[in-house]
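Q: Prediction below, plus the sequence it came from.
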2 protein chains.
Amino acid sequence: MAGKRSGAQSKRSQRTRSAEQPRHDPALSLERIVATAVELLDAHGIDGLTMRRLADHLGSGAMSLYWHVDNKEKVFDLALDSVLEYRELPETAQSRDWRGEVVHMLQDWRAGMLRHPWSASLLPRRALGPNILRRLELLSRTLSGAGVADADLNVAIWSLWNYVIGATVTRASFDLSDEDMAAAQQRLALVSEHYPTIERSRLLLDDDWDGAFRKGLDFLLDGLAPKY
Amino acid sequence: MAGKRSGAQSKRSQRTRSAEQPRHDPALSLERIVATAVELLDAHGIDGLTMRRLADHLGSGAMSLYWHVDNKEKVFDLALDSVLEYRELPETAQSRDWRGEVVHMLQDWRAGMLRHPWSASLLPRRALGPNILRRLELLSRTLSGAGVADADLNVAIWSLWNYVIGATVTRASFDLSDEDMAAAQQRLALVSEHYPTIERSRLLLDDDWDGAFRKGLDFLLDGLAPKY
DNA sequence: GAAGTTAATCGTACACCGTACCATCAATTA
DNA sequence: TAATTGATGGTACGGTGTACGATTAACTTC
């Protein structure tokens, strides 16, 4: 099988030879493609990204994309990963306040995905991109530095990961159109009837999502590392 | 706008008048449609469900489905919700061992979704179906009965929810084809190089997902309700 | 009975999708 | 100059969701 440029990451790239352009310089590039894909996803949602539309916005023909990208799935992969870049806190100053670091990174994680709600719905079906791995590595290092034993690291990381992903996916699923929101409101009427405890705790009405995320995260960290 | 049978839940149904058939009895029914959709999703994954194929398996024409269902999205909604039915533990015996109850229900939740991996990837974009609400109500009631104050209930529920959803979505995303698994293995080679801490803790290699889920859940419950 | 209404089914058609295949052209290399 | 390669894109194919309208069978009302 294999397309024209399958295998590793294709593209020209390193080859320090000289400061010459590859050939002319190509109209398309992976970077431009991914950036435009993210724009389209932001603007029109996950179903609003089609190869033809993407090509249009890039001023090229649809099939030209396929020289740079194996298929549409890859575009999704790249778009998702591009949203998950993370710049570390400027001054780590040697592991001081590990808890603050963890909270910061996880809040940033969530915030980054919520800025692009489609990313949450993309997540379930994709493997781990490099940026996710980088975040996991960072998290591991921080927890490890805080004294968490290697044997416990696994569970700790997964717990935090699960919490963040779940929170993000959930929050994103509530970012619905006004129409859907109206339907949801309507459903809440039924809720009060059949689900009294939910009603009493105002579970679905309280919209301080960020605060709830932070609080729950604190509880989880309490449970994970009561001794540190 | 509106299709022929929009509005509430359509269908004939209650009307206790007499034990007579609605008309003849229709070849199609919401129940049959949903059940078959779940079969197809189980067998061929999320992209394997098309209206035409669904109709074929039901022995009907594709457009016939649209009398019972507004559109394909609704089929997904119904399929997802149908997977999330829950039978309570037979003998609740008045709130004894609330923690055991919570763990049971959340494990069941996760297990149910993992039995139908497509359900996890469906979740992010759908609103709360009745069965999810029922589970949330149950969870609320149990925690409330265990003494959690109404003010804290909100955060507690969301934390548990987040954890379960995240764990399920993550686990499901690793249920990939053999081919994808091979690619993942290959990526692990790079991991060892660039992500030493991940490598050391064997984060991605340890596959005792169920155990990790249980342990992390315990940690979370420890943090949530240390005093109960 | 007849006539009208409604529940339910489905064939056809349309716009759009991802992408295989192949032709094309510009720049580089020989 | 000729050959090679990087990069682009037109056309076409098989598939999708579903709008529209025709069709039939059962029930309701006279």
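A: Cool, got the structure.
Q: Please list all residues in contact with A:Leu114.
A: A:Leu114 is in contact with A:120, A:168, A:171-172, A:175, counting by C-beta atoms under 8 Å, 6 or more residues apart in numbering or on different chains. Where you see a C-beta, it was placed from the backbone N, CA and C, and this is true even at glycine.
Q: of those, buried ones?
A: Neighbour counting with 16 or more other C-beta atoms under 10 Å in any protein chain shown marks A:120, A:168, A:171-172 as buried within the contacts of A:Leu114.
Q: does any bit of the helix or strand bottoming out on mean pLDDT in chain A sit next to chain B?
A: Least confident helix or strand of chain A, by mean pLDDT, DSSP states H and E, is helix A:178-194 with a mean of 72. Yes. Shown here: helix A:178-194 in contact with chain B (C-beta under 8 Å from any C-beta of the partner chain) through A:180, A:183-184, A:187, A:191, A:194.
Q: mind saving the C-alpha coords of that helix as CSV?
A: Only the C-alpha atoms of helix A:178-194 are listed here, as CSV (Å, rounded to 0.1, in the frame of the first residue of the first chain):
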residue,chain,number,x,y,z
ASP,A,178,-28.6,27.5,21.7
GLU,A,179,-31.1,25.2,20.3
ASP,A,180,-29.6,22.2,22.1
MET,A,181,-29.5,24.3,25.2
ALA,A,182,-33.2,25.0,24.9
ALA,A,183,-33.8,21.3,24.7
ALA,A,184,-31.6,20.8,27.7
GLN,A,185,-33.5,23.3,29.7
GLN,A,186,-36.7,21.5,28.7
ARG,A,187,-35.2,18.3,29.9
LEU,A,188,-34.4,19.9,33.2
ALA,A,189,-38.1,20.3,33.8
LEU,A,190,-38.4,16.5,33.8
VAL,A,191,-35.3,16.2,35.9
SER,A,192,-36.9,18.0,38.8
GLU,A,193,-39.6,15.5,38.7
HIS,A,194,-37.8,12.2,38.3
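Q: other SSEs contacting it?
A: Judged by 3 or more C-beta pairs under 8 Å, 6 or more residues apart in numbering or on different chains; DSSP states H and E, the packing partners of helix A:178-194 are helix A:196-201, helix B:130-145.
Q: Phi first, then psi, for A:Val69.
A: phi -140, psi 140 (degrees, to the nearest 10).
Q: Just give me the neighbour total for it.
A: The number of residues packed near A:Val69 is 22, by other C-beta atoms under 10 Å in any protein chain shown.
Q: Quick check: it vs DNA strand C, distance?
A: Distance of A:Val69 to DNA strand C, computed by C-beta to the nearest atom of the strand, to the nearest Å: 8 Å.
Q: show me what contacts that residue?
A: A:Val69 makes contact with A:30, A:33, A:75, A:78, according to C-beta under 8 Å, 6+ apart.
Q: ok, is the least confident helix or strand of chain A in contact with DNA strand D or not?
A: No. Judged by C-beta under 7 Å from any atom of the strand, helix A:178-194 stays clear of DNA strand D, getting no closer than 14.8 Å.
Q: what kind of secondary structure is A:Arg87 in?
A: Secondary structure state of A:Arg87, per DSSP: H, G, I helix; E, B strand; the rest coil, is coil.
Q: quick one: it from A:Gly112, how far?
A: 11 Å (C-beta to C-beta, to the nearest Å).
Q: The two: which has the busier surroundings?
A: For A:Arg87 and A:Gly112, the more surrounded residue by other C-beta under 10 Å is A:Gly112, and the numbers stand at 17 against 6.
Q: Wait, A:Trp161 touches A:Ile132, no?
A: No. Taking contacts as C-beta atoms under 8 Å, A:Trp161 lies outside contact range of A:Ile132: 9.2 Å.
Q: Those two: which is more packed in?
A: Using other C-beta under 10 Å, the more surrounded residue of A:Trp161 and A:Ile132 is A:Trp161, with 21 against 18.
Q: What score does that one have for pLDDT?
A: pLDDT, A:Trp161: 95.
Q: Show me how the record splits chain A into domains.
A: Following automatic domain parsing, chain A resolves into domains at A:30-83, A:98-224.
Q: Going by mean pLDDT, which of these comes out lowest?
A: The stretch with the lowest mean pLDDT among the domains of chain A is domain A:98-224, at a mean of 88.
Q: any idea how far the closest residue to A:Arg135 other than its chain neighbours is from B:Glu193?
A: Distances taken as C-beta to C-beta, 6 or more residues apart in numbering or on different chains put A:Tyr86 closest to A:Arg135, at 5.6 Å, once the chain neighbours are dropped. With distances taken as C-beta to C-beta, A:Tyr86 is found 19 Å from B:Glu193.
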